[in-house]
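Asker: Provided below are the primary sequence and the corresponding predicted coordinates.
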Amino acid sequence: MIIKAEKLSYNYGQLQALKDIDFQVKSGELLGVIGPNGSGKTTLVKNITGVLKSDGQVYFNNKEISLSSLDRKSIARKIGVVPQKSQLKGDFTVREVIEMGRYPHQSKFKKDDKSGRKVVDKIIDKLNLNKFTERFTGELSGGEFQKVLVARALAQEPEILIFDEATSHLDINHSIDIFKFARELIKQNQLTVIAIIHDLNLAAQFCDRLMVLKKGEKVSIGNPEEIITEEMLSSIFDLEALIKTNPANKRPFIIPVI
Ligand SMILES: Nc1ncnc2c1ncn2[C@@H]1O[C@H](COP(=O)(O)OP(=O)(O)OP(=O)(O)O)[C@@H](O)[C@H]1O
């Protein structure tokens, strides 16, 4: 068990944004978090990463590791986060931004070695960023920039990668590049992923399990076949839809009834 969360609750003033949420993430798993706008997904991620201090507990690798007790580099080797929104001050090329992700593996005295450059080159290649490497980030489209932030988080080589809607501005091809590469790293036992995903079809195709949140509560957790049902879409998303099976991988896919 790489992450075990117990009784996570969080209030913004009077508003209870998370209510007693328990869940576990297995090593090498891709857990998708789904739910309508305002259901508490980002608040959940911020509680896991220690940005917000919840009333509950988060355990990493079966031990109660408090992130606040770790230094920045140790945290960055454990968890990489791709936030929903990000700004970068200053003008950097795409390659420079991705290389920033290597800082947890560098010391003051010894800058990153050849293997670090290899990691960065592989990520650039796998995410099809080759034609962008010398471009300045200020000149990129929103989706291109988001992909560079994913690449930077991957360059940290974290044990756990957390996407807070990291693919929401990406077209379908770029989203697939990211999830395919994440799955490749998972297969090589190099990664565990928690991903907030708004595109339910993308979530159903790539995630091992899905956790559904509504109004700050965990409604259900299970594999996509169990979770993606017409009843769930109606009760959670107020959506009338048909569920079909993708013949290529037997995963469910959703056709909204319009
Ligand atoms: N800083 C804040 N102060 C007060 N209320 C907040 C704050 N951040 C979020 N909220 C509220 O907490 C609830 C959960 O918000 P959160 O951002 O976690 O939802 P979400 O599921 O990630 O939403 P979305 O899908 O729209 O990104 C919402 O009702 C939101 O308005």
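Answerer: Cool, got the structure.
Asker: in this protein, which helix or strand is least confident?
Answerer: helix 72-78 (a mean of 82; mean pLDDT, DSSP states H and E).
Asker: The nearest residue to Ile197 once chain neighbours are set aside: what's it in contact with?
Answerer: Excluding its sequence neighbours, the residue lying closest to Ile197 (C-beta to C-beta, 6 or more residues apart in numbering) is Ala203, at 4.1 Å. From N, CA and C alone the C-beta is placed, and that goes for glycine too. By C-beta atoms under 8 Å, 6 or more residues apart in numbering, the contact list for Ala203 reads Gly32, Ile34, Ala195, Ile197, Leu210, Pro224.
Asker: Am I right that Ala203 is in a strand?
Answerer: No - read with DSSP: H, G, I helix; E, B strand; the rest coil, Ala203 is helix and lies in no strand.
Asker: Can you give me the distance of it to the ligand?
Answerer: Remark: distance between Ala203 and the ligand (C-beta to the nearest ligand atom, to the nearest Å) = 13 Å.
Asker: Now do the end-to-end distance for stretch 244-251.
Answerer: Start and end residues of stretch 244-251 are separated by 8 Å (C-alpha to C-alpha, to the nearest Å).
Asker: try stretch 24-33
Answerer: End-to-end for stretch 24-33, by C-alpha to C-alpha: 12 Å.
Asker: who's in contact with it?
Answerer: Contacts to stretch 24-33, defined as C-beta under 8 Å, 6+ apart, come from residues 1-5, 23, 41, 44-45, 160, 179, 182-183, 186, 189, 191-197, 203, 206-211, 213.
Asker: One more: stretch 42-60?
Answerer: With C-beta under 8 Å, 6+ apart as the contact definition, stretch 42-60 has outside contacts at 1-10, 12, 17-18, 20-21, 33, 64-68, 75, 78-79, 81, 84, 160, 162, 164, 194, 196, 213, 216.
Asker: For Asn130, what are phi and psi?
Answerer: phi -50, psi -40 (degrees, to the nearest 10).
Asker: Can you list the residue ranges for strands in the stretch 1-150 of the chain?
Answerer: 3-12, 15-25, 30-34, 57-60, 79-82 (DSSP state E, counting those that start in this stretch).
Asker: Identify each buried residue in the longest one, please.
Answerer: Within strand 15-25, the residues that qualify as buried by neighbour count (16 or more other C-beta atoms under 10 Å) are Ala17, Leu18, Lys19, Ile21, Phe23, Val25.
Asker: With the last one instead?
Answerer: Counting neighbours by 16+ other C-beta under 10 Å, one finds that the buried residues in strand 79-82 are Ile79, Gly80, Val81, Val82.
Asker: is the residue nearest the centre of the chain in a bridge, and if so with what?
Answerer: Centroid-nearest residue in the chain, with C-alpha atoms, centre = their mean: Phe163, separated by 1.9 Å. Beta-bridge pairing for Phe163 (DSSP bridges): Val82, Ala195.
Asker: dump the residue contacts of it.
Answerer: By C-beta under 8 Å, 6+ apart, the neighbours of Phe163 are Val82, Val150, Val193, Ile194, Ala195, Ile196, Ile197.
Asker: Noted, bye for now.
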